[in-house]
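Chemist: 3D model of this:
(one chain, ligands or ions: 1)
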Amino acid sequence: MATNNQIDVLVYGLGAIGSFYAFILSRSPRVRLSVIARSNYEPVKAHGIVMNSENHGQHVVRPFRGKSRQSRLPEESLRLEHMVSPIAVFRSAAEANMKFDYIICTHKAIAQDAVPAQLAPVADEETTTFVIIQNGVGNEDPFRARFPKTTIISCVTWTGGVQPEPGRFAQIKSEDMQVGLFPNEAADHLVEKRRLDEFASLLTQGKTVFQVVPNIQVQRWEKVVWNAAWNSLTTLTLLDTHSWLDSSADATPLTRRLMKEVIDVAKKCNVPIEYELIDRLIAKIRALPPIGSSMQNDYKAGKPMEVDIILGTPFKKGREMGVPTPTLETIYLILAGVNLRLMKESQL
Ligand SMILES: NC(=O)c1ccc[n+]([C@@H]2O[C@H](COP(=O)([O-])OP(=O)(O)OC[C@H]3O[C@@H](n4cnc5c(N)ncnc54)[C@H](OP(=O)(O)O)[C@@H]3O)[C@@H](O)[C@H]2O)c1
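Modeler: The predicted structure follows:
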């Protein structure tokens, strides 16, 4: 746990989004950054995180602690890229052997229920704040169940990025995030507010685009309407968004039905989103060039997909509350079967 005004931050799940926000947070002089890396542990331990960002790409390269940077990267690339050198790189929470002020969860929301227990060694229920930066709805629930007293900050990011090779991060232009509390009735509201303000101040120092919002569930569910449609349909068809919408006269109406059913569930959960969102999201996708989706990329790479958190939770909540979701149910169950095959093949 940090002293002397320093803040100990752990990034858990060091892929594209984890690397981006590790970089953003590392810009604050108060932050002592640690990361948990899995498949990219070796390159990150050796080189830090190498950033190539369209929005932040021309900043000063931070000193590299550890092995000589010249031996690792050509000078040419140093002019173009940031390099974040985390204070510590761990393979697991158990290896870290300390408690953190903020644990930033940017792992893929797969087997989400198992993650809080894995983070128990680095979390102090009184002082740790979890920050969840993931797609999906219901992501916070396993954390609240395992750590009833902790503060949870929930975030919806529209930042686009990829990890083209382990330890390297490439950001495309889009950068935006909504941030809000997942309120804890058992906690002191002033403490929760102070932690939210402090985290927001770190994002401000990191020079990223974000807004603090009063009810983050609105943004979570709005994005899940987007993801439930485009991720699932581009994955099941292996088409881009526009090719799917133009594939038959019934493709757009089916997409709209799927979105409407997710909104029906959101409304039943008392999340105030409106049906006009469907027109907005169709117009938004039409205004973009044709795209695939992260789920389609995961499918093509044979990686497990975020099917449960994006489609499964809305379907199950709908079923619990008696909301009919025939289109969502069909698409979720077929994708869940495909996901099971992928997980068996990758022995997860
Ligand atoms: N990338 C984007 O443009 C984007 C935009 C908006 C939202 N998001 C959301 O942001 C979250 C992170 O996505 P990403 O694109 O950064 O994914 P990513 O590049 O695939 O990285 C995911 C990271 O999490 C690790 N990981 C996966 N499952 C884990 C688990 N159960 N426990 C611990 N670590 C785990 C992976 O380790 P291994 O490499 O060892 O598997 C990897 O380092 C997702 O919820 C995604 O939907 C992404």
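Chemist: Tell me, please, where in this structure the pLDDT is lower than the cut-off.
Modeler: Counting by pLDDT under 70, the chain has low-confidence residues at 1-4, 58-86, 347-348.
Chemist: can you do 50?
Modeler: Along the chain, segments meeting pLDDT under 50 span 58-80.
Chemist: all strands for it, in order.
Modeler: Remark: strands assigned in the chain by DSSP state E are 7-12, 31-36, 49-53, 82-84, 88-90, 102-105, 129-133, 151-157, 161-162, 168-171, 177-181, 211-212.
Chemist: Indicate which one of the ones you listed is closest to Ser232.
Modeler: strand 151-157 (18.4 Å; C-beta to C-beta). In short, each C-beta sits where N, CA and C put it, glycine included.
Chemist: who does the closest one pair up with?
Modeler: Using DSSP bridges, the strands paired with strand 151-157 are strand 129-133 (parallel), strand 177-181 (antiparallel).
Chemist: which phi and psi does the residue in the chain that the ligand sits nearest to have?
Modeler: Using C-beta to the nearest ligand atom, the single residue of the chain nearest to the ligand is Gly15, 1.6 Å away. The phi and psi values for Gly15, taken as degrees, to the nearest 10, are phi -100, psi -140.
Chemist: before we move on, what about Pro272?
Modeler: phi -80, psi 80.
Chemist: again with Ser293
Modeler: Torsion angles, degrees, to the nearest 10, at Ser293: phi -160, psi 160.
Chemist: What about it, how many residues nearby?
Modeler: Residues near Ser293, counting by other C-beta atoms under 10 Å, number 20.
Chemist: my read: it touches Leu238, true?
Modeler: No. Look at Ser293 against Leu238 with C-beta atoms under 8 Å: they stay out of range, at 10.6 Å.
Chemist: Among the strands of the chain, single out whichever gets nearest to Ala301.
Modeler: strand 161-162 (11.3 Å).
Chemist: Pull the contacting residues for the residue of the chain closest to the ligand.
Modeler: Counting by C-beta atoms under 8 Å, 6 or more residues apart in numbering, Gly15 makes contact with 106-108, 163.
Chemist: Who's the closest spatial neighbour of Phe38, skipping the chain neighbours?
Modeler: For the record, residue 38 is Arg, not Phe. Arg91 (7.1 Å; C-beta to C-beta, 6 or more residues apart in numbering).
Chemist: residues in contact with that neighbour?
Modeler: Taking C-beta under 8 Å, 6+ apart as the contact definition, Arg91 lies against 36-38, 41.
Chemist: for the most centrally placed residue in the chain, phi and psi?
Modeler: Closest residue to the average C-alpha location of the chain: Gln134 at 2.4 Å, with C-alpha atoms, centre = their mean. Main-chain torsions, Gln134, degrees, to the nearest 10: phi -150, psi 160.
Chemist: I'd like to know how many residues surround the residue lying closest to it once chain neighbours are set aside.
Modeler: Excluding the flanking residues, the one nearest Gln134 by C-beta to C-beta, 6+ apart is Ala109, at 4.6 Å. Using other C-beta under 10 Å, Ala109 has 23 neighbouring residues.
Chemist: on that earlier part again, with respect to burial, which of the strands paired with strand 151-157 scores highest?
Modeler: When the strands paired with strand 151-157 are scored by mean count of other C-beta atoms under 10 Å, the highest mean neighbour count falls to strand 129-133 (a mean of 24).
Chemist: which other residues reach it?
Modeler: 17, 21, 101-106, 119, 123, 139-140, 143, 147, 150-155, 157, 177, 182, 195, 199.
Chemist: Now narrow those residues to whatever sits close to the ligand.
Modeler: The subset of the contacts of strand 129-133 within reach of the ligand, by C-beta under 6 Å from any ligand atom, is 17, 106, 157.
Chemist: need these in a markdown table with neighbour count and distance to Leu342, can you?
Modeler: Output for those, formatted as a markdown table (neighbours: other C-beta atoms under 10 Å; distance: C-beta to C-beta, whole Å):
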| residue | neighbour count | distance to Leu342 |
| --- | --- | --- |
| Ile17 | 27 | 21 |
| Thr106 | 24 | 21 |
| Thr157 | 23 | 24 |
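Chemist: and of those, the nearest to Asp298?
Modeler: Using C-beta to C-beta, Ile17 comes nearest to Asp298 of these, at 13.6 Å.
Chemist: now the closest one: how far from Lys108?
Modeler: Distance, Ile17 to Lys108, using C-beta to C-beta, to the nearest Å: 9 Å.
Chemist: Spit out the residues that contact these two alike.
Modeler: Common neighbours of Ile17 and Lys108 (criterion: C-beta under 8 Å, 6+ apart): Gln134.
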